[in-house]
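[1] model this:
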Amino acid sequence: MNRLAATLFYLGLFAGGATAAEPAAVKGANPMSTLEDVRAVAPALEIYGQRFLLDDLWKRAGLSPRDRSVVTVAALIARDQTVELQHYLALALDNGVKPAEISEIITHLAFYTGWANAMNAIPATRDVFKSRNIGADQLPPASGPQLPLDEAAETQRATRVGEQFGQITPSLVQYTTDALFRELWLRPGLAPRDRSLVTVSALIATGQVAQITYHLNRAMDNGLTREEAGEVLGHLAFYAGWPNAFSAAPVVKDVIDNRPR
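    Sure thing, here's the model as predicted:
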């Protein structure tokens with residue numbers, strides 16, 4: 001990233017619409033802080049942002065800029081932190097995330113972080129898409145051909161979950177099978193590896209450590225590497241906080257240590 005691009009990127013952390021490529025602020029939303037606001041309130045924050053985020057984190061080789069954008073957008077939506085969402089959506093598009101993939105990320109997170117969080121991401125995303133002239137022709141269809149289902153693995157998963165929880169919450173068991181694993185996870189608009197990356201990022205960002213083991217193993221089965229899994233933790237320390245990253249770290253370590261090399 002050259003110095004001019006870095007400056008524009010950094011300004012975008014604190015000022016929505018700082019560049020011509022970025023959309024105007026969402027009507028009714030709280031505006032992002034300007035660089036002057038940050039200096040007036042927390043001058044050290046500006047220095048840390050430049051030193052650790054701009055000059056280091058986003059340049060680390062262990063995770064591509066595209067993947068860092070996917071992780072960041074997933075974390076912001078999962079945590080319902082929409083003030084900076086426009087900027088990071090625009091950055092995601094610049095980093096190669098397709099509009100159809102952003103659409104699928106929002107839909108996916110409705111199931112994994114709640115319908116309201118997904119709905120709250122709609123206004124910012126709508127405005128970014130509008131500013132980029134992104135229309136319906138670039139979005140995934142609501143329904144259509146699905147990815148192939150691994151019948152044996154899905155039957156094993158469904159049986160295990162049914163035996164554990166079927167008597168207590170049959171609705172949860174049935175929706176998990178019908179809506180998630182026989183619908184959502186088979187949508188082709190987001191590659192399985194990226195869908196897993198979104199899920200793991202959201203779980204870490206919201207402190208849902210009990211679900212990480214299953215989904216991180218699934219992510220690594222889908223192609224996420226050990227190095228990338230570690231970089232996701234380091235990245236999310238900045239965007240979801242150190243406690244969430246360190247709460248997830250032992251679980252991530254256990255998954256990696258117990259996988260065949």
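[2] for R195, see how far away Q50 is.
    33 Å (Cβ to Cβ, to the nearest Å). To be clear about C-beta, it is placed using only N, CA and C from the backbone, and glycine gets the same treatment.
[3] more neighbours: which of the two?
    R195 (25 against 15; other Cβ atoms under 10 Å).
[4] does the more buried one touch W185 like I think?
    Yes: using Cβ atoms under 8 Å, R195 is in contact with W185, at 6.5 Å.
[5] quick one, what contacts the most far-flung residue of the chain relative to its centre?
    In the chain, Q167 marks the outermost C-alpha relative to the chain mean, sitting 33.2 Å out by Cα atoms, centre = their mean. Applying Cβ atoms under 8 Å, 6 or more residues apart in numbering to Q167 gives no contacts.
[6] I'd like the distance between it and V161.
    Q167 is 12 Å from V161, by Cβ to Cβ.
[7] circling back to that earlier point, what does the pLDDT read for the residue farthest from the centre of the chain?
    On pLDDT, Q167 comes in at 97.
[8] mind checking the SS state of it?
    Following DSSP: H, G, I helix; E, B strand; the rest coil, the label given to Q167 is coil.
[9] over to it: give its phi and psi.
    With angles defined as degrees, to the nearest 10, Q167 sits at phi -80, psi -30.
[10] just the pLDDT at V161, thanks.
    97.
[11] wait, I meant M32
    73.
[12] for this structure, name the helix or strand with the lowest mean pLDDT.
    helix 3-14 (a mean of 46; mean pLDDT, DSSP states H and E).
[13] quick one: name whatever helix or strand follows that one.
    As assigned by DSSP states H and E, the chain's next helix or strand after helix 3-14 is helix 35-41.
[14] list the buried residues of that following helix.
    V38 (16 or more other Cβ atoms under 10 Å).
[15] SS state for the residue most central in space within the chain?
    The chain has A74 as the residue nearest its centroid, 1.8 Å off, counting by Cα atoms, centre = their mean. In three-state terms, and counting by three-state DSSP, A74 is helix.
[16] so where is this structure shaky, pLDDT-wise?
    1-31 (pLDDT under 70).
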